[in-house]
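> Need a 3D model of the following:
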Amino acid sequence: MTASFGPPGPPGPAVIRALKNATELAAWARKEGFRHLCPSFWHVTVVLTDISSPTLELDSHELHIETGHDRQVRHMGGLIALSFQSSALMARHNVLREAGGRWDYSIYRPHVSFTPNDGQNLDERPFDGPLIFGPEELG
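Have a look, this model is predicted:
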């Protein structure tokens, strides 16, 4: 499968990786008191894209992020997200940016947004299980 990139413009599709073990993250989130969850939509965004230009091959392999990796539960816009470090995602993000993908924020911090920001206190310990992401896809 190929992804397309073009000049900066209105938000378009993104290269994403679906969270394959979302039920584990959902179990943790429920235990921590988060209620508005939709695990079937959880993913990490690698880069934003535009459909109108050259193509690039998507990575067809799964990606496993082991425990640790500087995880935090954070307010991100109108959502609450589990953010984490991943040198593999950072490298891939940079490759896709160099190929013409875009990122509309000052930094790239891999994360999975998992619930609306309802003002809940975020003092809990972050999810510490592995994160298993599927192959890259347009989403």
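> What mean pLDDT does the biggest helix by length in the chain get?
Taking DSSP state H as the criterion, the chain has its longest helix at helix 87-98. The average pLDDT within helix 87-98 is 95.
> Report the buried residues of that helix.
Neighbour counts over helix 87-98 (16 or more other C-beta atoms under 10 Å) mark Leu89, Arg92, His93, Leu96, Arg97 as buried. Bear in mind the C-beta positions are built from the backbone N, C-alpha and C, glycine included.
> Return the distance of it from the chain's centre.
Centroid separation for helix 87-98 versus its chain: 13 Å, with C-alpha atoms, centre = their mean, to the nearest Å.
> Next secondary structure after it?
Going down the chain from helix 87-98, the next helix or strand is strand 111-116, by DSSP states H and E.
> Tell me what angle that next one forms with helix 87-98.
100 degrees (axes from the mean of the first three to the mean of the last three C-alpha atoms, to 10 degrees).
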